[in-house]
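S.K.: attaching a predicted model along with its sequence, questions to come.
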Amino acid sequence: MINSKFIVVEGIDGSGKTSVCQTIKKILKKNGIKKIIIVHDPGGTVISEKIRKIIKNSYQNEYIHHKTILLLFYAARIQLIENIIKPALKNKTWIISDRHDLSSLTYQGGGFGIKKNIIMKLKKMMIGNFYPDLTIYLDILPKFGLQRIIKRGKLDTIEKNNLDFFNKVRNSYLNFISKDNKSIKINANLKFNIVKQEIQNKLEAWLKK
Ligand code: Z5A
């Protein structure tokens with residue numbers, strides 16, 4: 001039996017990550033993998049969900065600094081990795097994660113301008129050499145991603161940033177992904193059926209490796 005794997009889905013807001021996580025689960029099941037958990041970062045444990053709420057809604061009364069948010073994301077991530085992801089992998093369960101560490105490098109780094117070496121140091125100290133086996137990056141033009149989010153309804157604090165911010169985040173993703181040989185880039189601008197098909201082709205090819 002193949003060892004369990006840690007698959008991460010990344011992309012800017014509205015790229016379709018949540019929908020794609022379900023698609024990946026179906027493809028894995030079709031390929032005989034039975035034990036699969038989907039998690040989202042930040043979230044997945046009681047503490048991580050509380051931190052998620054703080055990050056998403058707390059700006060009304062007090063300015064929250066980018067470095068504070070960075071630390072909160074890592075606090076939530078440690079809880080998720082240590083309490084859910086690592087034990088599940090040990091138990092031969094596959095993990096599909098809606099976002100992971102790369103989101104901090106691209107949003108807090110690329111988008112909000114925290115220096116890459118600060119984030120890299122923090123990452124090393126907090127999660128060491130824990131890396132995804134595969135990152136599926138959904139690449140979408142920010143104007144299309146935001147159109148989907150606006151159509152869906154109320155925007156959260158980070159979503160209220162402008163197109164320029166999301167262009168920076170996307171460029172940062174493209175830069176990291178181009179150097180990561182454990183990643184797959186998907187054109188997420190297209191209709192969902194076409195996106196699904198591309199994921200199926202690339203994921204099944206990866207499973208056969
Ligand atoms: N963040 C950060 O800054 N640093 C970090 O370290 C981490 C996160 C981990 C998390 O919010 C926020 O935190 C996020 C990054 C930041 N920023 N913001 N803002 P979240 O988890 O609540 O939201 P999200 O991760 O950005 O996901 P989302 O906004 O829900 O979008 P999505 O998951 O990528 O897309 P979706 O929900 O699957 O699809 C969105 C809509 O588009 C939905 O109505 C779909 O039916 C539709 N859709 C999906 N695919 C298609 C296609 N192909 N065509 C047409 N319509 C589609």
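M.R.: Perfect, thanks for sending it.

S.K.: could you use CA atoms for every contact and neighbour count after this?
M.R.: OK.

S.K.: assumed residue 174 was part of a strand.
M.R.: No. Counting by DSSP: H, G, I helix; E, B strand; the rest coil, residue 174 falls outside a strand, being helix.

S.K.: could you tell me how many residues sit around the residue nearest to residue 18 when sequence neighbours are not counted?
M.R.: Spatial nearest neighbour of residue 18, chain neighbours left out: residue 98 (6.5 Å); criterion: Cα to Cα, 6 or more residues apart in numbering. Other residues near residue 98 come to 24 when the count uses other Cα atoms under 10 Å.

S.K.: check contacts around residue 98.
M.R.: 8, 9, 10, 17, 18, 21, 38, 39, 40, 41 (Cα atoms under 8 Å, 6 or more residues apart in numbering).

S.K.: any idea how far residue 163 is from it?
M.R.: 22 Å (Cα to Cα, to the nearest Å).

S.K.: ditto for residue 23
M.R.: Distance, residue 23 to residue 163, by Cα to Cα: 28 Å.

S.K.: quick one on the thing from earlier: for the residue nearest to residue 18, give the beta-bridge partners.
M.R.: residue 9, residue 40 (DSSP bridges).

S.K.: check what pLDDT it gets.
M.R.: Predicted confidence (pLDDT) for residue 98: 98.

S.K.: ok, now how distant is it from residue 62?
M.R.: For residue 98, the distance to residue 62 - Cα to Cα - is 28 Å.

S.K.: try residue 132
M.R.: Separation of residue 132 from residue 62 (Cα to Cα): 35 Å.

S.K.: the more surrounded of those two?
M.R.: residue 132 (18 against 7).

S.K.: residue contacts, the nearest residue to that one once chain neighbours are set aside?
M.R.: Spatial nearest neighbour of residue 132, chain neighbours left out: residue 6 (5.1 Å); criterion: Cα to Cα, 6+ apart. Going by Cα under 8 Å, 6+ apart, residue 6 touches 89, 94, 95, 96, 97, 132, 133, 134.
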